[in-house]
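**Q** Output the structure for:
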Amino acid sequence: MVASAVTVLVVFGACAFFIYVSGHDSYVEVYKGNESVVLPCQDYSLPDVTKVVWSRFDLNTTTIHQHQHQDEPYVQNPHYRGQTFMSADALKTGEFNLTLKAPYPSDSGIYTCTGYGKENMKTQKTVQLQVKVPQHDSDVEVYEGVWSVVLPCQISSSLPEDTKVVWSSFGFNPSTVHHHQDYAEPHFQNQLCSSRTSMSADALKTGDLSLTLKHPHLSDSGIYTCTVYSNGSMMGKKTVYLQVTELFTFLTRFLLEVVLVLGLAVALALGLAVYFEYSIITVSRVEVKEGEMFVKLPYKTRAPLPVDVTVEWSRCAPEPMKVHEYRIGNNYPVRQDQFYCDRTQMEKDPLKTGNCGLTLRDPCFRDSGTYICTVYKNRDIHAQKVVQLRVKDATVEWKRTKAEPMIVHVYQNGQDQPDKQDEYYHGHTKMNKDPLQSKDLSVTINNSGYSDRGTYICTVHKDGDILAQKVVERHLKSSVANVEVDHSAKTVKLPWQITANLPQDATVEWTYWHSTMFKINVYVYENGRDQPEKQNLSYTGRTKMRENPLRSGDLSLTLINPTHSDSKTYTCAVRKDGDILWERTVHLNVKVSQHDSYVEVYEGEKSVVLPCQVFWLPEVTKVVWSRFAHNPTTVHQHQHKDEPHVQNQHYSGRTSSSPHALKTGHHSLTLKDPNLCDSGVYTCTVYSNGYMMGKKTVQLQVKELPPLFTRLLQPVVPLTVLLALLLVICLLLYFAYNHIPVSRVEVEEGAPLVMLPFETATPPPADFTVEWSRCAPEPVIVHEYRNGHLIRQGKFYSNRTTLEQHRVTTGDFSLILRKPCFSDSATYICTVYKNKDIHAQKVVRLKFKESWWSWFFGREY
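**A** This is a model prediction of the structure:
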């Protein structure tokens, strides 16, 4: 039957679709990019309509939309969730029209509208929807950051004065980009394009309706439509595709990355060089128990001290105090805080010996802190040392008061006291190292479970006095995991690996709550085996756990053949005697993909395979591969054999399938010589005796082959990073194995002596030799020492150098140089060796500071 065709033009944005009567009740055509499309369905004859259902029977979940007093999204196909809606009073008015948002080519198909009334009465209408991809007249490509871009649109003849020109883009809301009608009408324009568009003033006379867009952004990419109206009618329309790309090319980004990596490597290398060039000031740490008679804060200077310097010991934390001050040869404190009166003392003649250490008598807990010793003269700091003192005395005790009183952990006398804690917590608790010093009194409970819930109190006390206390309420929350899997997956694992020691007589339950009303058992493990009689029938044969889960701690559950209905929140609980010991929550989301497969290939390949396997159908008589973006849509048809006479000419001679496809179920399509135009969505439809039995979609993306230089340069970036890392490692190894400590010593004119310092941590071997030599400006043997005697030295240094034997045996090879003069300013190196094997080495740079009168009376050499 040939129905009469009635065409109705509906303006919907700037694109149009047509409705006419054909083999179906309605036919709707719309272009991709429209905000929405309306599928019409009206029926005023059916009284008391109670439910309306829109369906697509070519999908696995056929319900597209269901309306019963209100929309019911929980029963519809997930692909259409949030994309469809109907009028709220549809059941009263008889207007069952369905609005579909953002139509896509895959939405093309036959939609059935079914209305249900009382006494099993119903009405049914079908609508065929065709979503097309719009073609454009011009392509414009521009880089982001240019001043402007012109979207071309020319009309061959001049236009009447009442002509209206509208530029629009359906990627914007509102869609109007520019409105031209002899005068500007900015209130019609999208705010994103405000003050950024313009047209020629005499556009209607010249016919040049091109649009200038200033400062194009990446988000401006899209299809723009130029529509011309006159006397309320559309005279013409042209489309322009604008592509705004990033300014920097691959080569530019590559060069910037290489320069940045090399710059960072050079900066790091320079930093390492500077770091190893200068010595690092160390911090001494001293510990003592309260009750000891005294404690020494060590400080031995490496340089000799002038006789008129001041030595000051002070405490900077936790409470600043003046501890001890020494000056002008007096071994008694000049001034100090009252707290340290009669409790401090320094060694005899500290300025001569360089030993500025401080002895503190009767140390107590309040003495703990950071001390700084400063040697200065006229506010110029000569030397400085930091000492951290810790007096250990307080006791830290963790107790649990609820639900059952227990001693959890005790820290006393600088160490844990496991014999004082409750047996339940033996081997399960741990505190950080030096908690009183770091002030971190936290306790870690291993294998913690629900039974550890309660009220905990941390108390710091000394001699029965509470110094600090804190209460902690422990509420154990179950851990949470999120799992997402595609609906085509054969299995999915709900993970839970627990490290705690689980009781072997515990029960493991995997459950979920149905509508928050009652609990459904998914899996139960009890008495050392599965309990299938206790699980819900829908999970019978679909769940499994590994053997001995309580022993291994792996409580993960494997779910076989997951479906979208399995998307739930599952809870795993370990129970014993009715109490929950541990608990875990897993959110499972089974995704329903828009396309069953995605295939990506580069242009220039010989062929590409579009996969499609259907094994569950008993008898397949025909397989059709189609692409709805083409006309005709058939890409390949196989019915006992390939049928090329029905396919689109674009694919002629380029497609093939297995001759045994109908028997094996492998309906994959081989496409030869793929090109950029072949990119799109392909549909494989399987028929049995004229009935459609299944459908799968494959998205093919044919990508342009990158340029040759791009492919050659791709491995250069990781190679550059690797070379930079090797450079840094080589520098580290070089400084580690070839770095000699350097000290800098300054001496003023007139000083009686100067000490060139060199101390080692270990004593020297037997039969060793100590050689001090000057390597610049003129190499000279300064002092060579062996077996307690001076062996040789240069005449310039005769009777001016001393190595003290009692210090040498302890590893202190410092050299005393008497009557220093300007000629002694040089670089000295001390080498300790035996049979040419170097034991230790040190470089000292000596600088002579001359007085102002030497410029008038001459230097003393």
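**Q** who touches Thr401 in this structure?
**A** By CB atoms under 8 Å, 6 or more residues apart in numbering, the contact set of Thr401 is 454-457. Yep, even glycine has a C-beta here, placed from its N, CA and C like the rest.
**Q** Which of these fall within strands?
**A** Secondary structure defined by DSSP state E assigns 454-457 of these to strands.
**Q** now, among the contacts of Thr401, which is nearest to Val127?
**A** Closest approach to Val127 among those (CB to CB): Gly454, at 65.1 Å.
**Q** Distance of the closest one relative to Thr540?
**A** Separation of Gly454 from Thr540 (CB to CB, to the nearest Å) stands at 40 Å.
**Q** neighbour-wise, which of the two wins?
**A** Taking other CB atoms under 10 Å, Gly454 and Thr540 do not tie; Gly454 has more neighbours (18 against 10).
**Q** List the beta-bridge partners for the more buried one.
**A** With DSSP bridges as the criterion, Gly454 is bridged to Arg474.
**Q** Settle this for me: it is touching Val472, isn't it.
**A** No. Using CB atoms under 8 Å, Gly454 is not in contact with Val472, being 9.5 Å away.
**Q** now the strands: where do they sit in the stretch 151-300 of the chain?
**A** Under the criterion DSSP state E, counting those that start in this stretch, strands of the stretch 151-300 of the chain are mapped to 164-168, 176-181, 183-184, 197-198, 211-214, 222-230, 233-245, 283-289, 294-297.
**Q** Check the stretch 551-700 of the chain too.
**A** Listed in chain order (using DSSP E, counting those that start in this stretch), the strands of the stretch 551-700 of the chain are 557-560, 569-576, 579-591, 597-602, 607-610, 622-626, 634-638, 655-656, 669-672, 680-688, 691-703.
**Q** pLDDT score for Val323?
**A** You'll see Val323 listed with a pLDDT of 90.
**Q** residues contacting it?
**A** Residues near Val323 by CB under 8 Å, 6+ apart: 313-315, 336-337, 340, 344, 358, 360, 371.
**Q** what does Asn527 give?
**A** Contact analysis of Asn527 by CB under 8 Å, 6+ apart lists nothing.
**Q** What does it show for phi and psi?
**A** phi 60, psi 40 (degrees, to the nearest 10).
**Q** now do Leu502
**A** Main-chain torsions, Leu502, degrees, to the nearest 10: phi -90, psi 140.
**Q** Which one of the strands of the stretch 551-700 of the chain lies nearest to Asp208?
**A** For Asp208, the closest of the strands of the stretch 551-700 of the chain is strand 680-688, at 35.2 Å, according to CB to CB.
**Q** What is the closest one packed up against?
**A** Applying 3 or more CB pairs under 8 Å, 6 or more residues apart in numbering; DSSP states H and E, one finds that strand 680-688 contacts strand 622-626, strand 691-703.
**Q** I'd like those laid out as TSV, including mean neighbour count and distance to Met755.
**A** Output for these, formatted as TSV (neighbours: other CB atoms under 10 Å; distance: least, CB to CB, whole Å):
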stretch	mean neighbour count	distance to Met755
strand 622-626	21	93
strand 691-703	17	74
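**Q** Output these in TSV, with distance to Ser195 and mean pLDDT appended to each entry.
**A** Formatted as TSV, those follow (distance: least, CB to CB, whole Å; pLDDT from 0 to 100):
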stretch	distance to Ser195	mean pLDDT
strand 622-626	47	92
strand 691-703	38	82
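**Q** Can you add distance to Lys348 and give those strands back as TSV?
**A** Formatted as TSV, these follow (distance: least, CB to CB, whole Å):
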stretch	distance to Lys348
strand 622-626	102
strand 691-703	85
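**Q** mind checking which of these is nearest Asp380?
**A** Across those, Asp380 has its closest neighbour in strand 691-703 (70.4 Å, CB to CB).
**Q** tell me the angle of that closest one relative to strand 680-688?
**A** With axes from the mean of the first three to the mean of the last three CA atoms, to 10 degrees defining the directions, strand 691-703 sits at 160 degrees from strand 680-688.
**Q** Just the C-alphas of strand 691-703, formatted as PDB.
**A** Written as PDB, here are the backbone C-alpha positions of strand 691-703 (Å, rounded to 0.1, in the frame of the first residue of the first chain):
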ATOM      1  CA  TYR A 691      13.600 -12.700  12.000                       C
ATOM      2  CA  MET A 692      16.300 -10.500  13.500                       C
ATOM      3  CA  MET A 693      18.000 -12.600  16.200                       C
ATOM      4  CA  GLY A 694      20.800 -10.300  17.300                       C
ATOM      5  CA  LYS A 695      22.900  -7.200  16.600                       C
ATOM      6  CA  LYS A 696      26.300  -5.900  17.500                       C
ATOM      7  CA  THR A 697      28.000  -2.600  16.800                       C
ATOM      8  CA  VAL A 698      31.700  -1.900  16.100                       C
ATOM      9  CA  GLN A 699      33.200   1.600  16.000                       C
ATOM     10  CA  LEU A 700      36.100   1.800  13.500                       C
ATOM     11  CA  GLN A 701      38.600   4.700  13.800                       C
ATOM     12  CA  VAL A 702      41.000   5.000  10.900                       C
ATOM     13  CA  LYS A 703      43.800   7.400  11.900                       C
END
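**Q** Neighbouring strands of it in the sheet, and parallel or not?
**A** Here, using DSSP bridges, strand 691-703 pairs with strand 597-602 (parallel), strand 680-688 (antiparallel).
**Q** Check which residues of the longest one are buried.
**A** Of the residues in strand 680-688, 680-687 count as buried by neighbour count, 16 or more other CB atoms under 10 Å.
**Q** do stretch 716-725 as well
**A** Using 16+ other CB under 10 Å as the test for burial, stretch 716-725 gives 720-721, 724.
**Q** Now do the phi/psi pair for Asn787.
**A** phi 50, psi 40.
**Q** Spit out the contact partners of the residue nearest to it when sequence neighbours are not counted.
**A** Nearest residue to Asn787 in three dimensions, chain neighbours excluded: Asp767, at 7.3 Å (CB to CB, 6 or more residues apart in numbering). By CB under 8 Å, 6+ apart, Asp767 lies in contact with 786-787, 834.
**Q** same deal with Gly680?
**A** Residues in contact with Gly680, defined by CB under 8 Å, 6+ apart, are 105, 627, 629, 699-700.
**Q** Relative to Cys193, which of the helices and strands packed on strand 680-688 is closest?
**A** For Cys193, the closest of the helices and strands packed on strand 680-688 is strand 691-703, at 31.2 Å, according to CB to CB.
**Q** so how far is that closest one from its chain's centroid?
**A** 35 Å (CA atoms, centre = their mean, to the nearest Å).
**Q** now the angle from it to strand 622-626?
**A** Interaxial angle, strand 691-703 versus strand 622-626 (the same axes, to 10 degrees): 40 degrees.
**Q** can you list contacts of strand 691-703?
**A** Contacts of strand 691-703 (CB under 8 Å, 6+ apart): 58-59, 106, 594-603, 608, 610-612, 614, 617, 620, 671, 674-687.
**Q** do that again at 7 Å, thanks
**A** With contacts defined as CB atoms under 7 Å, 6 or more residues apart in numbering, strand 691-703 is touched by 58, 106, 595-603, 610-612, 614, 617, 674-676, 678-687.
**Q** Buried among those? Need that as a selection in PyMOL.
**A** Selection of the buried residues among the contacts of strand 691-703 in PyMOL, burial being defined by 16+ other CB under 10 Å:
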select buried, resi 596+597+599+601+610+612+614+674+678+679+680+681+682+683+684+685+686+687
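**Q** possible to save the contacts of Gly680 as JSON lines with distance to Val590?
**A** As requested, the contacts of Gly680 are exported to JSON lines (distance: CB to CB, whole Å):
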{"residue": "Pro105", "distance to Val590": "25"}
{"residue": "Arg627", "distance to Val590": "28"}
{"residue": "Ala629", "distance to Val590": "30"}
{"residue": "Gln699", "distance to Val590": "20"}
{"residue": "Leu700", "distance to Val590": "25"}
